[in-house]
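Visitor: mind folding the following:
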Amino acid sequence: FSRKEMIKLSSGINLRYLLGVLNSKYASVLLTNLRAGDYHIYPVHIRNIPIPNVPKNQQKPLVILVDQILSSKKSDLQANTSALESKIDKLV
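Guide: Numbering: from 1, shown residues only. Model prediction:
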């Protein structure tokens with residue numbers, strides 16, 4: 001994609017949606033496979049993770065869960081958010 005096309009695509013993506021996808025087990029497994037045993041993470045690895053380009057209304061459930069996790073962690077860094085993380089994994 002050209003720079004202009006990338007800007008247009010990214011304007012429709014909520015950053016908390018992106019945060020949820022990138023921190024999901026889905027992305028973790030893909031990243032492990034893309035790195036092929038290398039422990040370094042390079043930009044090309046991140047670029048090759050397919051991020052579903054969905055309308056903002058379909059991003060909303062993931063954004064709500066990410067907001068809940070961030071709020072819990074802001075109050076208590078040791079807060080157990082595994083149930084919320086599991087919900088994100090199922091959505092992704």
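
Visitor: hey, where'd the helices end up in this structure?
Guide: Under the criterion DSSP state H, the chain contains helices at 3-10, 15-22, 25-35, 43-47, 56-75, 82-91.

Visitor: quick one, which of these is packed in tightest?
Guide: Among the helices of the chain, helix 15-22 has the highest mean neighbour count (mean count of other Cβ atoms under 10 Å), at a mean of 18. Every C-beta, even on glycine, is put in place using the N, C-alpha and C of the backbone.

Visitor: quick one on the thing from earlier: can you redo the helices of the chain as JSON lines with mean pLDDT?
Guide: Putting those into JSON lines (pLDDT from 0 to 100) gives the following:
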{"stretch": "helix 3-10", "mean pLDDT": "86"}
{"stretch": "helix 15-22", "mean pLDDT": "94"}
{"stretch": "helix 25-35", "mean pLDDT": "88"}
{"stretch": "helix 43-47", "mean pLDDT": "83"}
{"stretch": "helix 56-75", "mean pLDDT": "97"}
{"stretch": "helix 82-91", "mean pLDDT": "97"}
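
Visitor: now do the contacts for the residue most central in space within the chain.
Guide: Nearest to the mean C-alpha position of the chain, by Cα atoms, centre = their mean, lies V21 at 2.2 Å. V21 makes contact with 27, 49, 51-52, 62, 92, according to Cβ atoms under 8 Å, 6 or more residues apart in numbering.

Visitor: can you pick out the most distant pair from these?
Guide: Greatest spatial distance among the contacts of V21 (Cβ to Cβ): I49 and L62, at 15.1 Å.

Visitor: now K8: how far from K60?
Guide: Taking Cβ to Cβ, to the nearest Å as the measure, K8 falls 21 Å from K60.
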